[in-house]
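Asks: here are the coordinates; sequence isn't available:
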């Protein structure tokens, strides 16, 4: 079976010697939505940063049938949209339009195509009216949507989101859940927000100390009290 994400026996140590990943393996099929949960320091962010080649460890990482390496980086980064926890890490242009246009312009697309990509991306996150706004003046929830639009403009097959609901008030969180539910991409979502996982994401992967310790249907794992307690997760 073709997998959109294939990670096999991936290990990674930071320069200070901290071991962040220990032979982690993960397969995600096209169109699947998968949650990545576990305590801080479990290796979730480290794993995500391997999916578009920001980090390189020992083992195999393939996305969309491409091995992630220096030769494929451009294509990999177009295929894998990484949305950081803090949207200010992703928004640095004078206007929302410029932020969302950055990737397509960098890819060398013609102006008309860039405008189409921006329009489609902003429409997908219901922010079309914001194109001329200044990103820094938006609320956290609005910034998160624009950050998602900046990767959607690259037409990625995969969305990788780090703590998407962090810092959102209940209304913004609700509209974010609705948005993620609508988007068709294959999704890997790292989060501490277990109610979001229960509502939105059918498959859950639990990480702890650099290893994948459980992988299965969300409703089964969220009812496994011993598993949740063993890995510092709040029972719902």
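Replies: Structure's in. What do you need? Just so it is clear, the structure is predicted and the values come from calculations on it, not from any experiment.
Asks: residues in contact with the closest residue to residue 182 other than its chain neighbours?
Replies: Counting by C-beta to C-beta, 6 or more residues apart in numbering, residue 182 lies nearest to residue 124, which is 7.8 Å off, once chain neighbours are set aside. Every residue, glycine included, has its C-beta placed from N, CA and C. With contact taken as C-beta atoms under 8 Å, 6 or more residues apart in numbering, residue 124 is in contact with 149, 152, 182-183.
Asks: let's see 7 Å
Replies: 149, 152, 183 (C-beta atoms under 7 Å, 6 or more residues apart in numbering).
Asks: With residue 46 instead?
Replies: Contacts of residue 46 were listed using C-beta under 7 Å, 6+ apart, and they are 12, 20-21, 55.
Asks: And the average pLDDT for whichever strand or helix holds it is what?
Replies: In this structure, residue 46 is located in helix 44-50 according to DSSP states H and E. Mean pLDDT, helix 44-50: 94.
Asks: May I see the buried residues of the helix or strand just after it?
Replies: Next along the chain after helix 44-50, taking DSSP H and E as the criterion, comes strand 58-63. Within strand 58-63, the residues that count as buried by 16 or more other C-beta atoms under 10 Å are 59, 61-63.
Asks: ranges for the strands of this structure?
Replies: Per DSSP state E, the chain carries strands over the ranges 5-13, 19-28, 33-37, 58-63, 66-67, 80-83, 158-162, 186-190, 203-208, 211-217.
Asks: Off-centre distance for the last one?
Replies: For strand 211-217, the distance between its averaged C-alpha position and the chain's averaged C-alpha position is 18 Å (C-alpha atoms, centre = their mean, to the nearest Å).
Asks: rewinding a little: out of the contacts of residue 124, who's nearest residue 26?
Replies: Of all the contacts of residue 124, residue 26 sits closest to residue 183, with 20.4 Å by C-beta to C-beta.
Asks: Quick check: that closest one vs residue 145, distance?
Replies: According to C-beta to C-beta, to the nearest Å, residue 183 stands 11 Å off from residue 145.
Asks: do residue 176 as well
Replies: For residue 176 relative to residue 145 (C-beta to C-beta), the value is 8 Å.
Asks: next one: residue 166
Replies: 14 Å.
Asks: These two: who's more crowded?
Replies: Taking neighbours as other C-beta atoms under 10 Å, residue 166 and residue 145 compare with residue 145 leading, 23 against 14.
Asks: nearest residue to the more buried one other than its sequence neighbours?
Replies: residue 125 (4.2 Å).
Asks: Please name the residues that touch the one you found.
Replies: Going by C-beta under 7 Å, 6+ apart, residue 125 touches 145, 148-149, 179.
Asks: same question, residue 154
Replies: Neighbour list for residue 154: 78, 81, 103-104 [criterion: C-beta under 7 Å, 6+ apart].
Asks: Where does confidence bottom out across the residues you listed?
Replies: The lowest pLDDT within the contacts of residue 154 belongs to residue 78, with 88.
Asks: Among the contacts of residue 124, the buried ones, what's the ChimeraX command?
Replies: The ChimeraX selection below is limited to those of these classed as buried (16+ other C-beta under 10 Å):
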select :149,152
